[in-house]
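Engineer: all I have is the shape, not the residue letters:
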Ligand SMILES: CCCCCCCCCCCCCCCCCCCC(=O)SCCNC(=O)CCNC(=O)[C@H](O)C(C)(C)COP(=O)(O)OP(=O)(O)OC[C@H]1O[C@@H](n2cnc3c(N)ncnc32)[C@H](O)[C@@H]1OP(=O)(O)O
Ligand SMILES: Nc1ncnc2c1ncn2[C@@H]1O[C@H](COP(=O)(O)OP(=O)(O)OP(=O)(O)O)[C@@H](O)[C@H]1O
Ligand SMILES: O=C(O)CCC(=O)C(=O)O
Ligand SMILES: [Fe+2]
Ligand SMILES: [Mg+2]
């Protein structure tokens with residue numbers, strides 16, 4: 001109980017402090033792993049959900065993998081909902097449907113095979129149900145606390161590579177796209193909709209990179225082209241040690257928004273599917289990214305909002321406030 005109150009205080013202090021770090025790191029958790037060596041936690045809250053090992057692992061690595069969290073039946077339902085959208089059986093407000101850049105201009109690819117990514121499916125009940133699954137939110141709460149917003153939703157249908165290597169997703173930090181803070185109260189849930197492995201382009205992560213700061217992002221100079229908004233960390237070191245997250249259908253990884261990650265190309269004939277949601281504590285606050293490294297993505301998003309909706313008065317923060325949906329607790333700030 002004590003520790004829950006301490007965690008709330010941490011959030012408040014951080015809020016006032018603005019810069020994350022020192023204040024929180026000095027708190028000591030009551031639920032420490034060892035009684036003799038009290039452990040302080042920065043990236044996880046006190047709940048009875050994570051085992052001490054899982055908690056330490058997230059603190060150290062910036063991600064945890066939970067096997068078999070989403071049922072095959074639920075995944076089948078998400079797959080059906082995705083198919084319906086691709087066949088244009090339903091029209092959805094706000095939904096962004098992205099084709100791979102290497103097939104965008106081809107008139108021969110249609111339906112599901114043409115869609116690389118659905119974004120912002122908050123108005124598709126059959127897909128948004130993923131973001132409300134209790135077994136997912138149970139884990140999310142360990143990072144966000146009790147007031148939870150689903151800020152960004154995606155279904156990724158990584159296509160077989162056309163030979164131009166455009167099915168790759170460059171190494172990046174998701175925080176680059178976000179106009180809210182603090183980072184430690186944001187988490188991504190990413191669920192494999194089928195077996196994902198190195199061959200079909202599983203997630204690749206740099207363990208521990210969440211302890212660093214937000215880096216400069218830009219389009220990588222890739223010969224075969226690069227998808228819209230696929231920014232990568234500018235000074236990516238290809239020799240840094242990486243972990244390939246091979247997962248079975250239903251396995252779910254939760255990761256920190258500063259964790260550097262990407263995915264390799266899909267060298268199979270199948271479409272590699274995953275569904276994901278970025279959650280944030282509703283107690284987070286919006287920031288102005290003017291003059292920061294995030295200005296480039298902010299301009300691109302505002303430009304897209306203008307082309308899609310014809311409004312040029314939306315700020316980057318507005319685009320987030322309009323898309324975010326409360327999934328648990330109270331909508332306190334975001
Ligand atoms: C109510 C609030 C308003 C909200 C505003 C909307 C905001 C949406 C945005 C996204 C925010 C991103 C947040 C991400 C957060 C988490 C971290 C995730 C990391 C990522 O995944 S980043 C990558 C995300 N990518 C996108 O979001 C891409 C968004 N999609 C698009 O912008 C459009 O789909 C696109 C690519 C412009 C295509 O537009 P569309 O109208 O569907 O296509 P056309 O066929 O008309 O083509 C137009 C033009 O674009 C070229 N094109 C097509 N596909 C691509 C592509 N994949 N990459 C690059 N270029 C592409 C096409 O060839 C055409 O070119 P012309 O030269 O002929 O004009
Ligand atoms: N120059 C680069 N800048 C940014 N990210 C890169 C760069 N080169 C590769 N990556 C990223 O590194 C990750 C791994 O890339 P790669 O395509 O080599 O896949 P892989 O899983 O290592 O497969 P393989 O088994 O073929 O090596 C992907 O996220 C990829 O987009
Ligand atoms: O599913 C993938 O390939 C990773 C996508 C990703 O990291 C993202 O869209 O932010
Ligand atoms: Fe990402
Ligand atoms: Mg490689």
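Structural biologist: In hand now; what should we look at? Keep in mind that this is a model prediction, so the values were computed, not measured. Ligands and ions are numbered 1, 2, ... in the order given.
Engineer: contacts only, for the most centrally placed residue in the chain.
Structural biologist: For the chain, the residue sitting closest to the mean C-alpha position, by C-alpha atoms, centre = their mean, is residue 188 at 3.7 Å. By C-beta atoms under 8 Å, 6 or more residues apart in numbering, residue 188 lies in contact with 174, 254-255, 257, 276-279. (C-beta placed from N, C-alpha, C; glycine too.)
Engineer: next secondary structure after whichever strand or helix holds it?
Structural biologist: For residue 188, the enclosing helix or strand under DSSP states H and E is strand 186-192. Going down the chain from strand 186-192, the next helix or strand is strand 203-205, by DSSP H and E.
Engineer: hang on, residue 113 in a helix?
Structural biologist: Yes. Counting by DSSP: H, G, I helix; E, B strand; the rest coil, residue 113 is part of a helix.
Engineer: ranges for the helices of this structure?
Structural biologist: All helices of the chain, identified by DSSP state H, fall at 2-17, 22-25, 52-61, 72-86, 125-132, 134-144, 295-309, 316-323.
Engineer: please name the bridge partners of the residue nearest to the centre of the chain.
Structural biologist: residue 255, residue 278 (DSSP bridges).
Engineer: do you know the pLDDT at it?
Structural biologist: Predicted confidence (pLDDT) for residue 188: 98.
Engineer: one more: residue 8?
Structural biologist: We have a pLDDT of 37 for residue 8.
Engineer: and the strand holding residue 188, anywhere near ligand 3?
Structural biologist: No. Shown here: strand 186-192 not in contact with ligand 3 (C-beta under 6 Å from any ligand atom), separated by at least 6.7 Å.
Engineer: how far does that strand sit from the chain's center?
Structural biologist: Computed by C-alpha atoms, centre = their mean, to the nearest Å, the chain-centroid distance of strand 186-192 equals 5 Å.
Engineer: and if you look at stretch 45-61?
Structural biologist: On C-alpha atoms, centre = their mean, the centre of stretch 45-61 falls 19 Å from that of its chain.
Engineer: what comes up buried for that stretch?
Structural biologist: Buried residues in stretch 45-61, counted by 16 or more other C-beta atoms under 10 Å: 45-47, 50, 54-59, 61.
Engineer: ok, now stretch 247-259?
Structural biologist: Residues of stretch 247-259 classed as buried under the neighbour-count rule (16+ other C-beta under 10 Å) are 247, 249-259.
Engineer: got it, and stretch 264-271?
Structural biologist: Residues of stretch 264-271 classed as buried: 264-266, 271 (neighbour count, 16+ other C-beta under 10 Å).
Engineer: one step back: pipe the contacts of residue 188 into JSON lines and attach distance to ligand 2 and pLDDT per row.
Structural biologist: Listed next are the contacts of residue 188 as JSON lines, based on distance: C-beta to the nearest ligand atom, whole Å; pLDDT from 0 to 100:
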{"residue": "174", "distance to ligand 2": "13", "pLDDT": "98"}
{"residue": "254", "distance to ligand 2": "19", "pLDDT": "98"}
{"residue": "255", "distance to ligand 2": "14", "pLDDT": "98"}
{"residue": "257", "distance to ligand 2": "16", "pLDDT": "98"}
{"residue": "276", "distance to ligand 2": "15", "pLDDT": "98"}
{"residue": "277", "distance to ligand 2": "20", "pLDDT": "98"}
{"residue": "278", "distance to ligand 2": "18", "pLDDT": "98"}
{"residue": "279", "distance to ligand 2": "23", "pLDDT": "98"}
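Engineer: any idea how far residue 250 is from ligand 3?
Structural biologist: Between residue 250 and ligand 3 the computed distance is 16 Å (C-beta to the nearest ligand atom, to the nearest Å).
Engineer: tell me the contacts of the spatially closest residue to that residue that is not a sequence neighbour?
Structural biologist: Of all residues not flanking residue 250 in the chain, residue 70 sits nearest, at 4.5 Å (C-beta to C-beta, 6 or more residues apart in numbering). Residues near residue 70 by C-beta under 8 Å, 6+ apart: 130, 133, 135-136, 191, 250, 252.
Engineer: shaky segments in the stretch 1-150 of the chain?
Structural biologist: For the stretch 1-150 of the chain, applying pLDDT under 70 flags the ranges 1-39, 105-110.
Engineer: stretch 291-302 near ligand 1 anywhere?
Structural biologist: Yes. Using C-beta under 6 Å from any ligand atom, stretch 291-302 comes into contact with ligand 1 via residue 301.
Engineer: show me what counts as buried in that stretch.
Structural biologist: Across stretch 291-302, burial judged by 16+ other C-beta under 10 Å covers 294, 296-298, 301-302.
Engineer: any chance of those in JSON lines, plus pLDDT and distance to residue 118?
Structural biologist: Listed next are these as JSON lines, based on pLDDT from 0 to 100; distance: C-beta to C-beta, whole Å:
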{"residue": "294", "pLDDT": "98", "distance to residue 118": "24"}
{"residue": "296", "pLDDT": "97", "distance to residue 118": "24"}
{"residue": "297", "pLDDT": "97", "distance to residue 118": "19"}
{"residue": "298", "pLDDT": "96", "distance to residue 118": "22"}
{"residue": "301", "pLDDT": "94", "distance to residue 118": "17"}
{"residue": "302", "pLDDT": "93", "distance to residue 118": "21"}
